[in-house]
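**Student:** Sequence plus predicted model, see below.
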Amino acid sequence: MPAVPQTAPTAAKERLAVVFAFACVYIFWGSTYLAIRIGASELPAFFLAGTRFLIAGPLMLLFCWLRGMRLVGSLRSMLWTVALGVLLLTAGNVGLVYGEKYLASGLASLLIAIVPVYIALLELFLPGGESLPRRGWLGLFFGFIGLGALLWPSVHEGFKGDRTRLIAAAVLLLGALGWSVGSIASRRLHLPLNPFVAAGWQMVFAGIVNSFIAFAYGQYAHIHITSSGVGALVYLITGGSFLGYTGYIYLLEHVPVAKVATYAYVNPLVAVLLGAVVLGERLEVTEYIGMAIVVLAVFLITTAKIDSASEHKIVPKSLGQMPVE
């Protein structure tokens with residue numbers, strides 16, 4: 001039966017929705033690095049991540065319930081959802097928040113941009129993992145060169161005795177590794193949950209874990225409520241966790257994956273620009289060089305994986321980049 005052509009008003013509405021979704025993914029996800037930088041300077045890392053997800057998760061589930069989605073899966077799927085939430089939003093997000101206490105938001109976004117390199121490398125050693133064409137291997141090579149250029153100023157400071165930035169970068173990269181493992185596990189598990197529902201429960205479970213750790217470390221005793229800290233928290237809940245993620249899912253359903261993948265190299269550029277304009281952050285020369293190399297590496301790996309998936313008639317479930325939600 002031939003498809004019914006869209007009417008002009010319907011097509012115009014869909015184009016507008018796509019433009020709005022891209023704006024959410026580009027601007028909100030790119031700007032969350034700035035919000036995390038501000039929030040991390042005012043609030044403890046586990047408290048910030050715990051409170052954020054304890055609010056954003058129920059909001060996402062409420063949205064799913066209003067849309068008539070099934071909220072609860074089997075025991076196995078719910079247990080895996082807990083594990084994925086801890087990998088993605090405890091290890092991954094708390095590592096980012098901690099790193100941004102000591103690193104510029106632009107630099108943090110560029111270090112996080114290395115996630116597709118992690119995923120491509122991990123897939124090579126996993127049973128049934130995705131192989132890389134020549135362009136992907138070239139992206140891996142450039143990725144590690146770019147990472148070295150980004151880390152060099154922090155390593156140089158470490159040689160002088162100040163290891164603060166180097167430790168922060170190491171924690172951030174370990175968190176990114178946790179996100180990468182969680183992303184691969186999510187794609188391989190094929191859990192029978194709607195992506196919005198799964199994201200909602202992951203935020204709820206991660207919020208509980210993060211809040212428990214914040215309590216165990218006594219972070220609630222060191223909370224100083226400020227207008228900038230509260231503003232950053234509200235922005236992360238609405239702009240990052242809700243609008244950014246829903247825009248991303250909408251695009252995956254309505255736009256070719258190759259176009260959606262552009263956020264993986266647009267977000268770091270947005271973060272660097274906002275960090276410079278709002279906070280006056282300035283990268284060092286080697287970090288600017290590393291930025292260019294990392295963006296090139298992400299482009300090569302992402303497009304290589306998309307081409308490979310197209311050849312095998314597979315639509316990637318995840319593009320690999322770490323959305324800070």
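**Tutor:** Yep, it's here.

**Student:** isn't Ile289 right up against Trp152?
**Tutor:** No. At 9.4 Å, Ile289 does not count as touching Trp152 under the criterion of CB atoms under 8 Å. C-beta: built from backbone N, CA, C; applies to glycine.

**Student:** From what I see, Ser180 and Val115 are in contact.
**Tutor:** Yes. Between Ser180 and Val115 a contact is recorded at 5.4 Å, counting by CB under 8 Å.

**Student:** Near Tyr118, how many other residues are there?
**Tutor:** Tyr118 has 21 neighbours, counted by other CB atoms under 10 Å.

**Student:** From Ile114, how far out is the closest residue to it other than its chain neighbours?
**Tutor:** Sequence neighbours aside, Ser180 is the residue nearest to Tyr118 in space, at 3.9 Å (criterion: CB to CB, 6 or more residues apart in numbering). In this view, Ser180 and Ile114 are 9 Å apart by CB to CB, to the nearest Å.

**Student:** Show me what counts as buried in the strand or helix carrying the residue nearest to Tyr118.
**Tutor:** Here Ser180 sits within helix 164-189, counting by DSSP states H and E. In terms of neighbour count (16 or more other CB atoms under 10 Å), helix 164-189 has its buried residues at 165-166, 168-169, 171-173, 175-184, 186, 189.

**Student:** immediately after that helix, which helix or strand?
**Tutor:** On the C-terminal side of helix 164-189, the nearest following helix or strand under DSSP H and E is helix 195-216.

**Student:** With only the CA atoms kept, save that next one in CSV.
**Tutor:** Written as CSV, here are the backbone C-alpha positions of helix 195-216 (Å, rounded to 0.1, in the frame of the first residue of the first chain):
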residue,chain,number,x,y,z
PRO,A,195,14.3,4.5,25.5
PHE,A,196,12.5,7.3,27.4
VAL,A,197,11.4,4.9,30.1
ALA,A,198,14.8,3.4,30.4
ALA,A,199,16.4,6.8,30.7
GLY,A,200,13.9,7.8,33.4
TRP,A,201,14.6,4.8,35.5
GLN,A,202,18.4,5.1,35.0
MET,A,203,18.2,8.7,36.3
VAL,A,204,16.1,7.6,39.3
PHE,A,205,18.4,4.8,40.3
ALA,A,206,21.6,6.8,39.7
GLY,A,207,20.0,9.7,41.7
ILE,A,208,19.5,7.3,44.6
VAL,A,209,23.0,5.9,44.4
ASN,A,210,24.6,9.3,44.0
SER,A,211,22.6,10.8,46.9
PHE,A,212,23.6,7.8,49.2
ILE,A,213,27.3,8.3,48.4
ALA,A,214,26.9,12.1,49.0
PHE,A,215,25.4,11.3,52.4
ALA,A,216,28.1,8.7,53.2
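
**Student:** now it, how far from the centre of its chain.
**Tutor:** Centroid displacement of helix 195-216 relative to its chain, using CA atoms, centre = their mean, to the nearest Å, is 15 Å.

**Student:** Tell me the helices and strands packed up against the strand or helix carrying Tyr235.
**Tutor:** Secondary structure assignment for Tyr235, by DSSP H and E: helix 227-235. With contacts defined as 3 or more CB pairs under 8 Å, 6 or more residues apart in numbering; DSSP states H and E, helix 227-235 has these neighbours: helix 29-42, helix 45-66.

**Student:** avg pLDDT for the shortest one?
**Tutor:** When you say that, I think you mean helix 29-42. Helix 29-42 carries an average pLDDT of 91.

**Student:** in that helix, what counts as buried?
**Tutor:** 29-40, 42.

**Student:** got it, and stretch 215-223?
**Tutor:** Neighbour-count burial for stretch 215-223 [16+ other CB under 10 Å]: Gln219.

**Student:** what sits up against it?
**Tutor:** Applying CB atoms under 8 Å, 6 or more residues apart in numbering, the external contacts of stretch 215-223 come out as 43-47, 214.

**Student:** Wait, Glu281 touches Gly275, no?
**Tutor:** Yes. Assessed by CB under 8 Å, Glu281 is found in contact with Gly275 at 3.9 Å.

**Student:** and Arg70, how many neighbours?
**Tutor:** Neighbours around Arg70, by other CB under 10 Å: 11.

**Student:** now Gly143
**Tutor:** Neighbour tally, Gly143, other CB under 10 Å: 25.

**Student:** what's the spacing between Ala185 and Asn267?
**Tutor:** Distance, Ala185 to Asn267, by CB to CB: 23 Å.

**Student:** same thing with Leu48?
**Tutor:** 20 Å.

**Student:** Settle it for me: which of the two has more neighbours?
**Tutor:** More crowded of Leu48 and Asn267, by other CB under 10 Å: Asn267, with 29 against 26.
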